[in-house]
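Trainee: Structure for the following, please:
(2 chains)
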2 protein chains.
Amino acid sequence: MQGPLLAASRRIRKTPFSRRVQEADAKVYTVYNHMLLPSVFESVEEDCKHLKNHVQLWDVSCERQVEIKGPDAARLTQMLTPRDLSKMNAGVCFYTPMVDETGGMLNDPVTLKLAEDRYWVSVADSDLLFWIKGLAYGLHLEVDVDEPDVSPLAIQGPKADELVARVFGESTRSIRFFRFAMVEFEGKELVLARSGYSKQGGFELYVDGTELGEPIWDALMSAGEDLNVRAGCPNLIERIEGQLLSYGSDMTRNNTPHECGLGKFCQTQDAFGCVGRDALLRVAVEGPVRQIRSIAIDGEPVPAIDELWPIIAGGKQVGTVSSAVYSPDYRTNVAIGMVRMTHWDDGTRVHVDTPHGIRSATVWETPFFNQGKAA
Amino acid sequence: MQGPLLAASRRIRKTPFSRRVQEADAKVYTVYNHMLLPSVFESVEEDCKHLKNHVQLWDVSCERQVEIKGPDAARLTQMLTPRDLSKMNAGVCFYTPMVDETGGMLNDPVTLKLAEDRYWVSVADSDLLFWIKGLAYGLHLEVDVDEPDVSPLAIQGPKADELVARVFGESTRSIRFFRFAMVEFEGKELVLARSGYSKQGGFELYVDGTELGEPIWDALMSAGEDLNVRAGCPNLIERIEGQLLSYGSDMTRNNTPHECGLGKFCQTQDAFGCVGRDALLRVAVEGPVRQIRSIAIDGEPVPAIDELWPIIAGGKQVGTVSSAVYSPDYRTNVAIGMVRMTHWDDGTRVHVDTPHGIRSATVWETPFFNQGKAA
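Mentor: The predicted model follows:
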């Protein structure tokens, strides 16, 4: 994970938790939605091990919210995604692939329905706000579209339930997966959702404004001392093992949701109003010709990936690897890539052209996490 | 300019020149439009001195292009900006503040008119593509809106004319400021504009695709050896001295072009079709209540800025500093900030609340560069 130094500027925004993250000695950062996102604290391996055994606080303020509010809010939100939102209730989170008129992915946010006429779209790394504002203006919709100053703090790991119950009350234990409830902190009501960018369980707390940032951080840290709580961040190893995709890395505007393996989140036929509906109807029926797969790359740990690595079979390119890292638990390099139909079946042997030479590799239909073959 | 390490990922895109930039030992980077942008080579001071005396190659691939093409291209482009484009000819570049329906700045790109029905919008750090695509879809316009794989390479500094003439021909000397011409390299036609993010003169070459990146870089480096050409990048000192604004740092969606001192690029009355016209008409006449100013901050060199610093006068906040750095030539800390009308007159004394304590400071209406008071 060695990289160059990152320059300071106001353009790369700090978060309500930045000071605490710095004090916790974040070693490496990335930039996500024009904002700082820590990438490594102790080491990617140690961070991963800790995440799987304890509980971590993640400054994911960079998951900025786009608030859509007003009489046309439901209509506009449905325009953004091929997922059918017609039966979505308030208090529910939906993972929502969002596409343009060609069916190309613009973002893969979690959408929260706060009320019949009010949604938060918790975005991955693209200015989805601009697309939504453009649509709203062009279509003369009666909505306000804006970025409220709301900064998610993720509490992730097997001990997250216990920690959150201690600080926000026992009732938080009954919040179901991808549901949210309101909790109180210093007299302020905050959204607490059972969600997060890991497979270890946990919550995301949507912190309103900046003042509460450090008090909430400190309250969780102090309540979780005996739970071995510490600062963490989305972990490269854990997210690849779980095949959690990264917009901009594993998929771009060139890909349909179906190529990204997100077909289960698309009810294109029923998603009336989705701007990508026409473009996606055929692919929804026939399926894509390439698709996201988990890939095991043999040999020594691979270097950090900073551009696509070709997947080769029979002398031809049959795909690309977009994320890769060595997994101590699976004792192999775990990777995510886009593989052509001819080579995407479970167990297919291929080669990957890495900066450290050609490596043999195996394509898996199921994420490593679900294979449960950890050493 | 010390900062944390930047994590590698495919999400932070490499450029056609990345390998050369790395070989030239770029020490610090930033992320701009999801792409790597070098920030420092030798040191900010040494880079600045070199830029003012010689010629540098800048990898500004991160100035991504939004191509707007088709029968409604001119109409859509005019919708984006309060600058009157009705008399814009092909072959011309316009600096174009771009605003939303409230008059808030979305970007401050240079727009190139390639043909009557084809424009490139060379964007600052926001996904302006999404806004333009949203408008085009919502308004059923007959246009294609896309990001072509075009990567600008800037050639900046007093010896840029000589270097460019050697590689692309003597006729390039006659390209006027903010005009462009087509030049040839290895049989491919490329756009060469007299423009760039410095006050030292020079060009921006719009390199199509990736294959030509290194050959062009190498040709310029080898032709300019006796001109002392080297790798460089937008320089923090030089751009603040020249009051060249940075979108995201010095201005955001909260600001109108008039607040940003960009009123001279707005002909709001004549910019029929601009989506922000209604919102801006009043401010265009009455003027803003706060505006961008150059500011000299007294005392020792200030630390790197990573969030707004309050400007204080008479016990009240009267503005914010958004960019600041020590300038050896002006023997003071040069800064850019937004100052309220009550304190924006030339020579007004104020205080700035920096992380190194309260400093006295002077507000200047004219950029340092135009004051010509360099030591």
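Trainee: Not counting its neighbours along the chain, what's nearest residue A:117?
Mentor: Leaving out its chain neighbours, the residue that sits closest to residue A:117 by Cβ to Cβ, 6 or more residues apart in numbering or on different chains is residue A:73, at 4.8 Å. Just so you know, the C-beta spots here come from the backbone N, C-alpha and C atoms, and that holds for glycine as well.
Trainee: what's the burial count for the one you found?
Mentor: Here the count is done by other Cβ atoms under 10 Å in any protein chain shown, and residue A:73 has 24 residues near it.
Trainee: State the distance from it to chain B.
Mentor: Residue A:73 is 16 Å from chain B, where distance means Cβ to the nearest Cβ, to the nearest Å.
Trainee: got it, and residue A:251?
Mentor: Counting by Cβ to the nearest Cβ, the gap from residue A:251 to chain B is 10 Å.
Trainee: swap in residue A:97?
Mentor: Distance, residue A:97 to chain B, using Cβ to the nearest Cβ: 16 Å.
Trainee: and that residue, how many neighbours?
Mentor: 28.
Trainee: ok, the residue nearest to residue A:150 when sequence neighbours are not counted - contacts?
Mentor: Spatial nearest neighbour of residue A:150, excluding adjacent residues (Cβ to Cβ, 6+ apart): residue A:65 at 4.7 Å. Applying Cβ atoms under 8 Å, 6 or more residues apart in numbering or on different chains, we find residue A:65 in contact with A:120, A:121, A:122, A:123, A:147, A:148, A:150, A:206.
Trainee: Now list the buried members of these.
Mentor: A:120, A:121, A:122, A:123, A:147, A:150, A:206 (16 or more other Cβ atoms under 10 Å in any protein chain shown).
Trainee: Would you mind confirming that the third one is in contact with residue A:108?
Mentor: The reference is to residue A:122. No. Residue A:122 is beyond contact range of residue A:108, at 10.4 Å (criterion: Cβ atoms under 8 Å).
Trainee: Output the buried ones among the contacts of residue A:65 as CSV; include the columns secondary structure, distance to residue B:341 and pLDDT.
Mentor: Below are those laid out as CSV (DSSP: H, G, I helix; E, B strand; the rest coil; distance: Cβ to Cβ, whole Å; pLDDT from 0 to 100):
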residue, secondary structure, distance to residue B:341, pLDDT
A:120, strand, 36, 98
A:121, strand, 37, 98
A:122, strand, 38, 98
A:123, coil, 36, 98
A:147, coil, 27, 97
A:150, strand, 32, 98
A:206, strand, 37, 98
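Trainee: so which of those comes closest to chain B?
Mentor: residue A:147 (8.1 Å; Cβ to the nearest Cβ).
Trainee: Against residue A:109, how distant is that closest one?
Mentor: Distance, residue A:147 to residue A:109, using Cβ to Cβ, to the nearest Å: 13 Å.
Trainee: Report the set of residues contacting both of these two.
Mentor: In contact with both residue A:147 and residue A:109: residue A:66, using Cβ under 8 Å, 6+ apart.
Trainee: Next one: residue A:238 from chain B, what distance?
Mentor: For residue A:238, the distance to chain B - Cβ to the nearest Cβ - is 15 Å.
Trainee: and what of residue A:119?
Mentor: In terms of Cβ to the nearest Cβ, residue A:119 sits 17 Å off from chain B.
Trainee: Next: residue A:233.
Mentor: In terms of Cβ to the nearest Cβ, residue A:233 sits 10 Å off from chain B.
Trainee: wait, isn't that residue in contact with residue A:41?
Mentor: Yes. Assessed by Cβ under 8 Å, residue A:233 is found in contact with residue A:41 at 6.9 Å.
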